[in-house]
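In: Fold the stuff below for me.
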Amino acid sequence: LCEYLWPSAQHGTHSVQYLSCGSFNAVFSLSVTTTDGQAAEYVLRIPLITQGYTSVAHTAAILEYLAKYTDLKVPEVITWDATEDNPLENSYIIMSRVPGKCLQDVWEDLNHHQKLLVAKELAHLYLQIESIKHPIAGNMNVHKKEFHPG
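Out: Okay, here's the model as predicted:
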């Protein structure tokens with residue numbers, strides 16, 4: 001997949017590392033080094049259950065919408081393919097790697113004040129998402145690399 005998506009990248013420098021698997025996606029870390037020596041880190045999500053076009057396309061649309069219309073720190077959608085017409089023979093989405101640690105991994109090490117800060121930040125995120133108003137009801141859809149509600 002890396003050679004398919006980044007044909008100009010240095011061959012033999014790609015790295016794929018398994019990160020996690022949940023109920024809906026397998027998640028991998030991708031490292032790619034371009035011909036000019038620049039390293040880039042990405043996250044590859046592969047749906048475990050193929051839901052046709054909808055799953056990956058909706059995820060891409062939601063992330064792009066949140067990035068455009070809120071100040072939420074969401075991963076940038078690098079590319080996605082909702083078909084099986086690719087080297088993986090499965091739908092996938094590739095996103096930028098957001099720096100940081102998984103909250104679940106550090107929660108027990110946080111003091112009370114830090115946990116309160118996390119709770120306030122989560123409340124802020126929730127309020128931002130709740131404040132988004134769409135002109136019509138329905139799922140986010142992607143149309144010709146553009147996205148809009150409905």
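In: Could I get the full set of strands for this protein?
Out: All strands of the chain, identified by DSSP state E, fall at 15-21, 25-33, 39-47, 77-81, 92-96, 140-143, 146-149.
In: how about a markdown table for those, with distance to residue 64 and mean neighbour count added?
Out: For the C-beta atoms, the positions are set from N, CA and C on the backbone; glycine is no exception. Shown next, in a markdown table, are the strands of the chain (distance: least, CB to CB, whole Å; neighbours: other CB atoms under 10 Å):
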| stretch | distance to residue 64 | mean neighbour count |
| --- | --- | --- |
| strand 15-21 | 22 | 11 |
| strand 25-33 | 18 | 18 |
| strand 39-47 | 15 | 17 |
| strand 77-81 | 6 | 17 |
| strand 92-96 | 10 | 21 |
| strand 140-143 | 8 | 16 |
| strand 146-149 | 5 | 14 |
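In: Residue 62: which of these is closest?
Out: Judged by CB to CB, the one of these that comes nearest to residue 62 is strand 140-143, at 5.3 Å.
In: Can you pull out the residues in contact with the top helix by length along the chain?
Out: Ordering each helix of the chain by length in residues (DSSP state H) puts helix 112-131 first. Residues outside helix 112-131 that contact it (CB atoms under 8 Å, 6 or more residues apart in numbering) are 66, 70-72, 103, 107, 110.
In: okay if I get the strands of the chain as CSV plus distance to residue 133 and mean pLDDT?
Out: Shown next, in CSV, are the strands of the chain (distance: least, CB to CB, whole Å; pLDDT from 0 to 100):
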stretch, distance to residue 133, mean pLDDT
strand 15-21, 33, 89
strand 25-33, 29, 90
strand 39-47, 28, 91
strand 77-81, 22, 91
strand 92-96, 26, 94
strand 140-143, 14, 64
strand 146-149, 10, 44
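In: Out of these, flag the one nearest residue 7.
Out: Across those, residue 7 has its closest neighbour in strand 25-33 (11.1 Å, CB to CB).
In: what are the pairing partners of the closest one, and which direction each?
Out: Using DSSP bridges, strand 25-33 pairs in its sheet with strand 15-21 (antiparallel), strand 39-47 (antiparallel).
In: Now do it against strand 92-96, angle only.
Out: 50 degrees (axes from the mean of the first three to the mean of the last three CA atoms, to 10 degrees).
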